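>>> below are the sequence and a predicted model; questions follow.
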Amino acid sequence: MQEYFTLFFTIWLKFFFILTPFFIMSVFLSLTKSMNGYNRNITALKVTGNMILVGVILFFFGKYVFQVFGITLDSFRIGAGVLLFLTAIALVHGTRMIQPDEEDGDFIMVPLTIPIIIGPATIGLIFVQSAQLIETGEKLIGLAALITAQLCLGVVLLLSVQIEHVVGKKGIVTMTKLTGLMLAAIAAQIIFTGIRNFLHS
């Protein structure tokens, strides 16, 4: 039981940080600045539902990408790790691009859900995590961890205004940079694992 809990927590932590909650919160506040509280909450719920749907689809069909294109898991680990590392650098330096404001609600799926929340690095990690979980029980734990991480991001979006009032804009920037540091460590581990397995194959 403890082994499954550890697996769940490890996967949840990875997904939570790769979703860059505080960066996404700042984008969400920018895109919904003209909305009242009710409409902002409805938008947050729609975004959460969309990203869970997309995440579940990617989690279950990721393995077919490897089969169709003949990509090995370790080569994908290296590629996904590099993309994740570039995302981490952008977060630390504050250079990750924020899309222009759109106030008509059309931003919910594109560009907010895809590609801001679920971008190339996130897709890569979902594919890798799904492929390396072999047993059915492990896959269900991995899926539960992914959905839980996305629900946590949904809660952050619902409470975005309150969080901003408490920590302020500088606090959000600081937490975003700390998220970037954690992502860099996760990316390095993914890359090293891919290289190690590739060299020993």
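Thanks, I have the structure now. Because the structure is predicted, anything quoted here is derived from the model rather than measured.

>>> what is the mean pLDDT for stretch 116-126?
For stretch 116-126, the mean per-residue pLDDT is 91.

>>> need the three-state assignment for Lys33.
Put simply, Lys33 is coil when judged by DSSP: H, G, I helix; E, B strand; the rest coil.

>>> check the gap between it and Leu159 for me.
For Lys33, the distance to Leu159 equals 16 Å [CB to CB, to the nearest Å]. Every residue, glycine included, has its C-beta placed from N, CA and C.

>>> ok, Phe107 next?
For Phe107, the distance to Leu159 (CB to CB) stands at 20 Å.

>>> between Lys33 and Leu159, which has more neighbouring residues?
More neighbours surround Leu159 than the other of Lys33 and Leu159, with 15 against 10 (other CB atoms under 10 Å).

>>> next, find the distance separating Gln132 from Val173.
Going from Gln132 to Val173 by CB to CB gives 34 Å.

>>> neighbour count winner among those two?
In this view Gln132 and Val173 are compared by other CB under 10 Å, and Val173 has more residues nearby, 16 against 13.

>>> nearest residue to the more buried one other than its sequence neighbours?
Nearest non-adjacent residue to Val173, counting by CB to CB, 6 or more residues apart in numbering: Gly94, 6.9 Å away.

>>> show me what contacts that neighbour?
By CB atoms under 8 Å, 6 or more residues apart in numbering, the contact list for Gly94 reads 173, 176-177.

>>> export those to a markdown table and tack on secondary structure?
Below are these laid out as a markdown table (three-state DSSP):
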| residue | secondary structure |
| --- | --- |
| Val173 | helix |
| Thr176 | helix |
| Lys177 | helix |
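
>>> list just the nearest of those residues to Phe15.
The closest of these to Phe15 turns out to be Thr176 (CB to CB; 16.9 Å).

>>> I'd say that closest one and Ser26 touch.
Yes: Thr176 is within contact range of Ser26, at 7.1 Å (criterion: CB atoms under 8 Å).

>>> my guess is Gln150 contacts Gly49, does it?
No: between Gln150 and Gly49 there is no contact under CB under 8 Å: 9.5 Å.
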